[in-house]
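A.B. asks: Structure, please.
(one chain, ligands or ions: 1)
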Amino acid sequence: MHLSAASDDVRVSGENLTHHWERVRDRLKGEVGEVEYRTWLTQIILGPLEEDEVTLLLPTRFLRDWVRGQYGDRLQQLWRAECPLVQRVELQVKRGATVPTPVSAVTASAVIPDEVPAAQISTSQPPVAEIRNDLAAPLDPRFTFDSFVVGKPNEFAYACARRVAEKPSSPGFNPLFLYGGVGLGKTHLMHAIGSELTKGGQVSVAYMSAEKFMYRFIAAIRSQSTMEFKEQLRSVDVLMIDDLQFLIGKDNTQEEFFHTFNALVDAGRQIIVSADKSPSDLSGLEDRLRTRLGCGMVADIHATTFELRISILEAKALASGVTVPGKVLEFLAHKITSNVRELEGALNRLIAHANLFGRPVTLESTQEVLHDILKAHDRRVTIEEIQRKVAEHWNIRLTDMSSARRARAVARPRQVAMYLAKQLTSRSLPEIGRKFGNRDHTTVMHAVARVAEIMERDTAFAEDVELLRRMLEG
Ligand SMILES: Nc1ncnc2c1ncn2[C@@H]1O[C@H](COP(=O)(O)OP(=O)(O)OP(=O)(O)O)[C@@H](O)[C@H]1O
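C.D. replies: Purely as a prediction, here's the structure:
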C-alpha cells in the first residue's frame, strides 16, 4: 500500500511525507556537506511508507549499499526525529529511477541507468571483464597463473596475486599494487587474477589501462554522462588499473580515480593497480593518492635472472610443440636480457620460422632469423674482454696479446683477437692497434683479412672463432 496510515489515529499524507523527506534531506546535506551530498545523496528518491517503515529508492545496487553503509543509521535517526511515526528506513533499488534534477554541468546525468543484473555484470567464457558499454578491456585468456613462470624475481608478486585471486579484499591486500620494469609480467598477473575471479561467474571485474580510464572519463564529461561512468566503475567488485604512471600530470583524472578508489575500497571492493614504480617513487601523483596506493600490499617484480629467462623459454618452447635445443635457449637467455616480452617475441619468431619452413631450430638458424633483434641487443664488448677470452681459449698468456713474440701459437690468437675487436667493437683500426702493444693500424688490417681468409678454408678454426664471438656477445 502506497503511503498507508502508520496507525489508526495518526495518518501521514503523501504531501506531508514529502515535506518530512525534504527536511531530513536538508539536515543530512548540512551534516555531510554539499559535495558529498551531490555525489551520493541527490539520487535518493522517496518511496512508500508502510507501517512504521519508510522506503528510500536508489538507482543501483552499488549506491544502495553505499548509502546504507555510510548513512543508513543517520538516515534512520533523522527520520525518527523528524517524524516519530517512522521508526525504520528501508533502502531499495529501483530500476530506472531518475534523478529529479540535474546535479551539475559535469556530474549531471538526467537518467540513471538501470541496475545491471549480476549475471550481466559478471563475465562469461572466455573471461571478459566487460561491464556495460565496453567500459573495461577483455582479459587475455593466455595470461593465467598456470602460464606464469615463477622465479626469484617475481615470486613475491605472484604469491600476492594468488592470494588476492583466492580472497579478494582481504585486509592488508587492498589495494594490491604491482610494480616493475617494462614487460616483466604485471599485466599478465592482473589478467590471471581477473580470470581466476571471474571463473565462477559471481564476481564482476573491470580491467583497463590508466590511459583508457582517462579517455573514458573525458568522453563521459563531453557527453555529460559522468555519473553513469562513475556508476559503472563503482558497481564492480574488482577494479584493475594498469600502468598507473600514465596519470602523472593528469590532475583531473587523478582526482576522479582517487574518488573511485576510495568509494570502492570503502565499500569493501578490491583494487589492483600496476605501475612502473613504487607508490613512493611515483612523483607527480598527488600525495594523498600515493599514500592510499601504498597502504595495501605493494609487490615489486624485479628484472629477470638468467635462470628465470631459461625457465620461461623452456615453458614457452614446450607449449609451442617445436623442439628448441637447450643451446639455443641458453643463447637467447644470454643475449636478450631486457625483458620477457622481447625474449618471448624472439622465441615466437624462431618458432614461426621453424613451422613455416619445416626446418629444425639450430644456433645458426637462430642467428640468421633473429639477426636484427640480436644486433640491437649486442652489448658493448671491450677489447680487454676479447683479449682475455681469446688468450684463455688458446691457453696463452694475456701479456702475449701485446708482446712482440711472433711464434704462430701466439701470433694467430692475437690476430683472432684483433679480428674480433674489429667485428665486435666500434674501435678504429689505430685504436685497436694501440691496445695490442702499440701496433700499426696496417697490422690490424692484415690480421682481420688473414683471419677471414683462414676461416674460409678451415672449418674447425672458423668454428673456434664463431664460438668465441658468441661467448663474447652473450
Ligand atoms: N613470469 C612469466 N612467465 C611467463 N610469461 C611471462 C612472465 N613474465 C612476463 N611474461 C610474458 O611477457 C609478456 C609481457 O608481460 P606483461 O605484458 O605482463 O608485462 P608488463 O609488466 O605489464 O609490461 P608493461 O610495463 O609494458 O605494461 C607477456 O606476454 C607475458 O605473458
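
A.B. asks: contacts and neighbour counts: CA atoms only from here.
C.D. replies: OK.

A.B. asks: can you list the residues of the stretch 1-150 of the chain near the ligand?
C.D. replies: F143, S147, F148, V149, V150 (C-alpha under 6 Å from any ligand atom).

A.B. asks: any idea which of the residues you listed is closest to L468?
C.D. replies: Looking at these and their distance to L468, the nearest is V149, at 31.4 Å (C-alpha to C-alpha).

A.B. asks: Remind me which helix or strand that closest one belongs to.
C.D. replies: Under the criterion of DSSP states H and E, V149 resides outside all helices and strands.

A.B. asks: Measure how buried the closest residue to V322 other than its chain neighbours is and give me the count.
C.D. replies: Counting by C-alpha to C-alpha, 6 or more residues apart in numbering, V322 lies nearest to I351, which is 6.5 Å off, once chain neighbours are set aside. A count of nearby residues for I351, using other C-alpha atoms under 10 Å, gives 22.

A.B. asks: ditto for Y37
C.D. replies: Other residues close to Y37 by other C-alpha under 10 Å number 17.

A.B. asks: Doesn't it lie inside a helix?
C.D. replies: Yes: counting by DSSP: H, G, I helix; E, B strand; the rest coil, Y37 is part of a helix.

A.B. asks: does the closest residue to it other than its chain neighbours belong to a helix or a strand, and which?
C.D. replies: Once flanking residues are discounted, Y37 sits nearest to K29: 5.6 Å by C-alpha to C-alpha, 6+ apart. K29 belongs to helix 14-32 when assigned by DSSP H and E.

A.B. asks: Which parts of that helix count as buried, going by neighbours?
C.D. replies: Buried residues in helix 14-32, counted by 16 or more other C-alpha atoms under 10 Å: L17, H20, W21, V24, R25, L28, K29.

A.B. asks: quick revisit: mind giving me the ChimeraX command for buried ones among the residues of the stretch 1-150 of the chain next to the ligand?
C.D. replies: The following ChimeraX line selects those of those that are buried, judged by 16+ other C-alpha under 10 Å:
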select :143,148,149,150
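
A.B. asks: in the protein, which helix or strand is least confident?
C.D. replies: helix 118-121 (a mean of 28; mean pLDDT, DSSP states H and E).

A.B. asks: next structured bit after that one?
C.D. replies: helix 155-166.

A.B. asks: Output the contacting helices and strands for that following helix.
C.D. replies: strand 176-180, helix 186-198, strand 297-301 (3 or more C-alpha pairs under 8 Å, 6 or more residues apart in numbering; DSSP states H and E).

A.B. asks: starting at the chain centroid, how far to the helix or strand following the last one?
C.D. replies: Using DSSP H and E, the helix or strand that follows strand 297-301 in sequence is helix 306-320. Here the centre of mass of C-alpha atoms in helix 306-320, compared against the chain's by C-alpha atoms, centre = their mean, to the nearest Å, lies 21 Å away.

A.B. asks: Give the other helices and strands that the very next helix or strand once past helix 306-320 contacts.
C.D. replies: On the C-terminal side of helix 306-320, the closest following helix or strand by DSSP H and E is helix 326-335. On a contact count with 3+ C-alpha pairs under 8 Å, 6+ apart, helix 326-335 meets helix 306-320, helix 363-369.

A.B. asks: S204: which of the ones you listed is closest?
C.D. replies: helix 306-320 (30.2 Å).

A.B. asks: any idea of the angle that closest one forms with helix 326-335?
C.D. replies: Interaxial angle of helix 306-320 relative to helix 326-335 (axes from the mean of the first three to the mean of the last three C-alpha atoms, to 10 degrees): 130 degrees.

A.B. asks: about what we covered before: rebuild the buried residues of helix 14-32 as TSV, extending it with pLDDT.
C.D. replies: Below are the buried residues of helix 14-32 laid out as TSV (pLDDT from 0 to 100):
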residue	pLDDT
L17	85
H20	88
W21	91
V24	90
R25	89
L28	85
K29	83
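
A.B. asks: any chance of these in TSV, with distance to T60 too?
C.D. replies: Shown next, in TSV, are the buried residues of helix 14-32 (distance: C-alpha to C-alpha, whole Å):
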residue	distance to T60
L17	23
H20	24
W21	20
V24	21
R25	19
L28	20
K29	21
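
A.B. asks: Which single one of those residues is nearest to the ligand?
C.D. replies: Closest to the ligand out of these is K29 (42.9 Å), distances taken as C-alpha to the nearest ligand atom.

A.B. asks: quick one on the thing from earlier: report the two of the residues of the stretch 1-150 of the chain next to the ligand separated the most.
C.D. replies: Across those (C-alpha to C-alpha), the longest gap, 13.4 Å, separates F143 and V150.
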